[in-house]
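Visitor: Would you be able to build a 3D model of this:
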Amino acid sequence: MKKDTHPEYFATSIKCACGNEVTVGSTKPDVKVEICSKCHPFFTGKQKLIDTAGRIERFRRKYAKFQDQNSAG
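Guide: Numbering: from 1, shown residues only. Model (predicted):
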């Protein structure tokens, strides 16, 4: 390999918000993620519904009138 061409390679650990930690090789010394295969709903089979700032409720209120018009007509 040529000198000063390739990035530095580290043995690093990826840390998830759920507490899971995986050791891998990377060009970044420290990696933090919010979701991993241990806590992701696709892999766990459990669905987590996170309602940030009432978005789901606002959506339901907004389109409730539309749904009522379609069922009446």
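Visitor: Can you get me the start-to-end distance on stretch 21-40?
Guide: The separation between the terminal residues of stretch 21-40, taken as C-alpha to C-alpha, to the nearest Å, is 14 Å.
Visitor: Okay, buried residues for that stretch please.
Guide: When neighbours are counted by 16 or more other C-beta atoms under 10 Å, the buried residues of stretch 21-40 are found to be 36, 39. Using the backbone N, CA and C atoms, a C-beta is placed for each residue, glycine as well.
Visitor: pLDDT averaged over that stretch - what is it?
Guide: Model confidence over stretch 21-40 averages 87 on the pLDDT scale.
Visitor: gap between that stretch and the chain center?
Guide: Between the centre of stretch 21-40 and the centre of its host chain there is 12 Å, according to C-alpha atoms, centre = their mean, to the nearest Å.
Visitor: can you list contacts of it?
Guide: Judged by C-beta atoms under 8 Å, 6 or more residues apart in numbering, the contacts made with stretch 21-40 from elsewhere in the structure are 7-18, 20, 43-44.
Visitor: Apply 10 Å and report the result again.
Guide: Here stretch 21-40 makes contact (C-beta atoms under 10 Å, 6 or more residues apart in numbering) with 6-20, 41-44, 46, 48.
Visitor: What about residue 15, how many residues nearby?
Guide: As a burial measure, residue 15 scores 15 neighbours (other C-beta atoms under 10 Å).
Visitor: Local confidence estimate at it?
Guide: Reading off the per-residue confidence, residue 15 sits at a pLDDT of 93.
Visitor: Doesn't it lie inside a helix?
Guide: No. Counting by DSSP: H, G, I helix; E, B strand; the rest coil, residue 15 is not found in a helix; it is strand.
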